[in-house]
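In: Structure, please.
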Amino acid sequence: IIAIKDAMEAKNYDEAEKLCLEKANAENTWHYRSGDPEDWNNMLYDIYRTGNNREKQIAQAKKLLLMGNEKFWGVLKQIYKACGTWNENYESLLDELKDSKRTVCYRSVLISENEKKRLLEDVMENPEQIYELCYKEISESCAQAKDRREYKKITKNIAQLIKWKGNDTA
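Out: Just a heads-up that it's a prediction; the model follows:
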């Protein structure tokens with residue numbers, strides 16, 4: 001880490017990249033720690049950013065996003081907008097993120113981009129999750145209901161669950 005930082009201070013970005021990649025590739029049991037600035041992948045991104053290597057910066061930011069670090073959605077958006085290529089990269093980036101199977105990250109990005117249609121499609125791919133969430137919500141409502149008005153609301157929720165084809169759960 002010290003050698004990498006020294007190389008960066010000397011503006012020797014190729015050396016910093018080489019050292020970082022050597023260390024990252026040497027660790028067999030390596031796992032990405034998104035919140036750790038001294039994680040090899042985060043350091044590699046910083047090397048590319050500081051060295052102004054736009055191509056490698058984009059590739060590394062995309063790698064980190066696809067590893068589930070949703071902060072890099074905003075980073076990529078900013079880079080692509082500065083290049084004037086955001087619109088042409090937007091859909092394919094969303095598709096790649098969906099294919100990465102990082103569901104929480106993908107859905108968070110969809111929410112931040114107000115992609116309601118895509119979010120609904122993604123959630124509907126596994127309706128059992130929805131039925132399970134509805135079941136928990138309805139059960140909690142039943143446990144807390146105290147009057148006729150609240151019970152009416154619960155029956156409406158059960159009816160909605162049936163409309164969503166969750167008959168067995170309902």
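In: Tell me which residue is most central in this protein.
Out: Nearest to the geometric centre of the chain sits C105, at 1.9 Å (Cα atoms, centre = their mean).
In: Quick check, pLDDT for that residue.
Out: For C105, the model assigns a pLDDT of 93.
In: isn't it right up against E96?
Out: No - if you go by Cβ atoms under 8 Å, C105 and E96 don't touch, sitting 11.5 Å apart. Using the backbone N, CA and C atoms, a C-beta is placed for each residue, glycine as well.
In: For this structure, just list every one of the helices.
Out: Here the chain has its helices, by DSSP state H, at 2-9, 13-26, 40-50, 54-66, 71-83, 86-99, 103-112, 116-124, 127-144, 148-163.
In: residues in contact with the residue nearest to the centre of the chain?
Out: Each residue near C105 by Cβ atoms under 8 Å, 6 or more residues apart in numbering is listed here: 65, 68-70, 73, 97.
In: Let me know which of the helices of the chain is the nearest to Y32.
Out: In terms of Cβ to Cβ, the element of these nearest to Y32 is helix 40-50, at 5.7 Å.
In: Please name every helix or strand in contact with that closest one.
Out: Applying 3 or more Cβ pairs under 8 Å, 6 or more residues apart in numbering; DSSP states H and E, one finds that helix 40-50 makes contact with helix 2-9, helix 13-26, helix 54-66.
In: pLDDT weak spots in this protein?
Out: Per-residue confidence for the chain (pLDDT under 70) gives these ranges: 27-30.
In: And for it, the residue most distant from the center?
Out: In the chain, the residue that sits farthest from the middle, by Cα atoms, centre = their mean, is R148; the gap is 42.0 Å.
In: how much space between that one and I154?
Out: R148 sits 11 Å away from I154, going by Cβ to Cβ, to the nearest Å.
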